[in-house]
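>>> Below are the sequence and a predicted model for it; my questions follow.
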Amino acid sequence: KQEVTQIPAALSVPEGENLVLNCSFTDSAIYNLQWFRQDPGKGLTSLLLIQSSQREQTSGRLNASLDKSSGRSTLYIAASQPGDSATYLCAVLNTGNQFYFGTGTSLTVIP
Amino acid sequence: GAVVSQHPSRVICKSGTSVKIECRSLDFQATTMFWYRQFPKKSLMLMATSNEGSKATYEQGVEKDKFLINHASLTLSTLTVTSAHPEDSSFYICSARGQGRVGYEQYFGPGTRLTVT
């Protein structure tokens, strides 16, 4: 069974810093990997989707990379802002059409 | 992007009653819908996968008689929590995946907070 792990579980940084969130998965047979943001008590907002054939995707201050062979993905956030404070989840879609979520990283950006 | 709605956003019910949660894809046809449960400060746990017009596939440990899922149309799936108990209190999120334009990307609803008293 696919296992998705995110490190660190929680992160606190001062405003303006660049930061990296990590996601690892055990089964490399995936269709794609998605990064989501979740605010407290809210649903999920999709940030970036990387297909299994791609290496990275960028959207504004966010850059996500994927190394399928090693089972790793990173989400890079440049010039962090207090509004970036949220829980970040990565999820992989297996070739068996099942979607597995990571454990999440709770990010706090201090003004 | 594609939009998925859930109704209600919050519901409080008494033990022993049943609660129905609706999940709708508003601007695309969802061939597959997923139901997740999220405990406080935990990640999402997949409960079941439903394909339009067929029975849902439940994950191990999820009681199919307690969590009834119906995917009667390409835009609507419902989750009914039967004979609810306080331990069923949770945040329930649905997602939908279509075909064609939306490809394999999943779109998530805003979630439903269920509190059983």
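Right, received. Where do you want to start?
>>> Could you list the residues of chain B in contact with chain A?
B:1, B:6, B:32, B:34, B:36, B:41-46, B:49, B:91, B:93, B:95, B:104-111, B:113 (CB under 8 Å from any CB of the partner chain). Glycine gets a C-beta too; all of them are placed from N, C-alpha and C.
>>> does chain B sit close to the worst-scoring helix or strand of chain A on mean pLDDT?
None of the helices or strands of chain A scores lower by mean pLDDT, DSSP states H and E than strand A:99-101, at a mean of 86. Yes - judged by CB under 8 Å from any CB, strand A:99-101 comes into contact with chain B through A:99-101.
>>> try stretch A:16-27
No - judged by CB under 8 Å from any CB, stretch A:16-27 stays clear of chain B, getting no closer than 11.6 Å.
>>> Buried residues in that stretch, which are they?
By 16 or more other CB atoms under 10 Å in any protein chain shown, the buried positions in stretch A:16-27 come out as A:19, A:21, A:23-25.
>>> which residues of chain B score low on pLDDT?
Low-confidence regions of chain B, defined by pLDDT under 70, span residues B:1, B:99-104.
>>> Just give the number of residues close to the residue lying closest to residue B:75 once chain neighbours are set aside.
Leaving aside its chain neighbours, residue B:75 sits nearest to residue B:25 (5.0 Å; criterion: CB to CB, 6 or more residues apart in numbering or on different chains). Other residues within reach of residue B:25 by the criterion other CB atoms under 10 Å in any protein chain shown amount to 26.
>>> What of residue B:24?
Around residue B:24 sit 19 other residues, with neighbours defined as other CB under 10 Å.
>>> Same check on residue B:97?
23.
>>> For it, list each beta-bridge partner.
residue B:32 (DSSP bridges).
>>> From what I see, it and residue B:106 are in contact.
Yes - the pair residue B:97 / residue B:106 is scored as a contact, 5.0 Å apart, by CB atoms under 8 Å.
>>> list residues touching both of these two?
Residues touching both residue B:97 and residue B:106 (CB atoms under 8 Å, 6 or more residues apart in numbering or on different chains): residue B:34.
>>> Helix or strand: which one has residue B:92?
strand B:90-98 (DSSP states H and E).
>>> List the contacts of that strand.
Outside strand B:90-98, the residues that touch it by CB under 8 Å, 6+ apart are A:41, A:43-44, A:99, B:2, B:4, B:6, B:21, B:23, B:25, B:28-39, B:44, B:77, B:79, B:104-114.
>>> re earlier: type out the PyMOL command that picks the buried ones from the residues of chain B next to chain A.
For the buried members of these, the matching PyMOL selection, counting by 16+ other CB under 10 Å, is:
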select buried, chain B and resi 6+32+34+36+43+44+46+49+91+93+95+104+105+106+107+108+109+110+111
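>>> picking up where we left off before, possible to save the buried residues of stretch A:16-27 as JSON lines with pLDDT and secondary structure?
JSON lines is the format used below for those (pLDDT from 0 to 100; DSSP: H, G, I helix; E, B strand; the rest coil):
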{"residue": "A:19", "pLDDT": "96", "secondary structure": "strand"}
{"residue": "A:21", "pLDDT": "97", "secondary structure": "strand"}
{"residue": "A:23", "pLDDT": "97", "secondary structure": "strand"}
{"residue": "A:24", "pLDDT": "97", "secondary structure": "strand"}
{"residue": "A:25", "pLDDT": "96", "secondary structure": "strand"}
